[in-house]
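Novice: Sequence first, predicted coordinates after that:
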Amino acid sequence: MRINYLKSIVCVSALASVALLSCHGNNSNSANGQNGADTLTKATAKVADADQDSETYLLPSPLQIASIFKNSGLTYMPGVTAPFKDAAAFSSQFDRALNMGVYSADLSYCILNKQTDDAVKYLNIVKGLSDKLGFGSVFESNAFLTRFQSNMNSTDSLASLIAELQMETDTYLENNKEKYIGVIAFAGAWVESMNTGNAVYEKQKSTGVSSRISEQMNILEGLVKLLNKYQASDKNIAGLMAQLKDIKTTYSGFDEVKSYNPDSEQPISLTPDHVTELGKAIQTLRSKFIAS
Amino acid sequence: MKKHNLFVFLFVAMLASSAMAQSYEYCDTKTLKDSCKDYLNKPYKYDAANIILVTLGRKPQMKEVELPMFMGETYRLIFNTYALPPGVEIHVYNKDADHDNRKELFSCNSSDASKKMFMWDTDHFHSKLYVDYVIPANHDNPPAGTDAPLIQGCGVLVIGFK
């Protein structure tokens, strides 16, 4: 009699265990929109060695930086973007990643300024570099080139497509433990965007653009921290980091930067001379990037 | 002997159900990020994303993520808490954890069984935002006598800009 009672408890416990497992399986499916055991196994492996991957600093997208400059009055200036090159011109993974960033920034600048012919050329270079870097599949799986061609008349649709491409690329790099490529590419994009901002500022002397240039310097510290984290991933990262630190040192030496209240919610207003000085330092670095 | 075996089986079954109930090792980042896309509709566009990986320990933990913001821009923050263990608090502040006088701008919690996606649009300019994940302690994690962590999970933050 007592044994039967215990057997009943065992059965109930076993059923409860199965029920709990089912509940969590459902939660997982509803959250992930995927099915079952494969997802669980794959995801478990990712978590097991992934804690070191949590970032403490987030970098914005090249599209957002281009959009910020555009909103501050930055107009299109012919000849300021990087010369068109075949992806095959870049021989190392580092140069490919760096210039993928440069061309991504130019792509965003052209799209937001309705320069669609140039935008298509830049998109093809970015696609070529993605192929060389090993993630050209991101373009193919989402038919980006076709969708880009069919939305040529809508700046907003093209910008949304570029944002989607950025999201897919970020996810690919994250899942394949290649986030360092994204950080190197961002360095290229940031320098190219700053170079464009400075070049147009020198022509227009727009105060809106000037304050945006100083605002962008906030990103540099985070970028250097991330490059430092991924230093072991590519031997060229140390050199890139040193060059970016030099720009930061130039900026930090300006009187208006030294006297800035860090609690202020207004960006630093740089003097025109200091914008020019900073612009020259960035231009020198950018020339090295695109010559590679 | 039979009675002893039944007790052992009962114990193992209960332990298994308890362990499975606490396991949150589902972290398919692509799918979790993709599920944020529904909240990233026009006029917002994807800007960046952050995955926070959580392993509950014997002490509470805090992980802080810094988000650069730009003047005059409006941002949407989308938190996907499906894969986080219960009890993880998410707070958004205008300053980092070293500041006493910082202001909380938004908060949510992974314990809410009915809501796992949270969205917040910035309504005022801040040069930076700080997202703090406050992760509770679990004194039974890992179980006594082992070093293996048991309860893990991840949180996804997707940022959109206008």
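Specialist: The structure has been received and is ready for your questions.
Novice: Now B:Phe125: closest residue in space that isn't a chain neighbour?
Specialist: Spatially, and ignoring its direct neighbours in sequence, B:Phe125 is nearest to B:Met71 (5.4 Å; C-beta to C-beta, 6 or more residues apart in numbering or on different chains). Using the backbone N, CA and C atoms, a C-beta is placed for each residue, glycine as well.
Novice: does the one you found belong to a helix or a strand, and which?
Specialist: Using DSSP states H and E, B:Met71 falls within no helix or strand.
Novice: Show the contacting residues for it.
Specialist: Counting by C-beta atoms under 8 Å, 6 or more residues apart in numbering or on different chains, B:Met71 touches A:211, A:215, A:266-267, B:125, B:127.
Novice: right, and A:Gln115 touches A:Tyr76 too?
Specialist: Yes - using C-beta atoms under 8 Å, A:Gln115 is in contact with A:Tyr76, at 6.2 Å.
Novice: Quick check: mean pLDDT of the host helix or strand of B:Phe118?
Specialist: Assigned by DSSP H and E, B:Phe118 belongs to strand B:117-121. Strand B:117-121 carries an average pLDDT of 97.
Novice: Is any residue of it near chain A?
Specialist: No - against chain A, strand B:117-121 shows no contacts by C-beta under 8 Å from any C-beta of the partner chain, the least distance being 9.5 Å.
Novice: Which neighbouring elements make contact with that strand?
Specialist: Judged by 3 or more C-beta pairs under 8 Å, 6 or more residues apart in numbering or on different chains; DSSP states H and E, the packing partners of strand B:117-121 are strand B:75-80, strand B:104-109.
Novice: Check what contacts that strand and list those residues.
Specialist: Contacts of strand B:117-121 (C-beta under 8 Å, 6+ apart): B:35-36, B:39, B:74-82, B:90, B:92, B:105-106, B:108.
Novice: Stretch B:35-45 too?
Specialist: A:31-33, A:63, A:156, A:159-160, A:163, A:167, B:46, B:49, B:76, B:78, B:80, B:82, B:117, B:119, B:156, B:158, B:160-162.
Novice: got it, and stretch A:88-104?
Specialist: Under C-beta under 8 Å, 6+ apart, the answer for stretch A:88-104 is A:62, A:82, A:85, A:87, A:122, A:125-126, A:128-130, A:132-133, A:181, A:184-192, A:234, A:236-237, A:240, A:286, A:289-290, A:292.
Novice: How about stretch A:170-177?
Specialist: A:46, A:53, A:135, A:137-138, A:178-179, A:181-182, B:29-30, B:33, B:48-49, B:51.
Novice: And stretch A:242-257, by the same measure?
Specialist: Taking C-beta under 8 Å, 6+ apart as the rule, stretch A:242-257 contacts A:187, A:214, A:217, A:220-221, A:223-224, A:227, A:258, A:268-271, A:274, A:277-278, A:281-282, A:285, A:288.
Novice: repeat that for 10 Å
Specialist: Outside stretch A:242-257, the residues that touch it by C-beta atoms under 10 Å, 6 or more residues apart in numbering or on different chains are A:187, A:190-191, A:194, A:213-214, A:217, A:220-221, A:223-224, A:227-228, A:258, A:260, A:268-271, A:273-275, A:277-278, A:280-282, A:284-285, A:288-289.
Novice: from chain B, which residue is nearest to chain A?
Specialist: Nearest to chain A in chain B, going by C-beta to the nearest C-beta, is B:Tyr82, at a distance of 3.2 Å.
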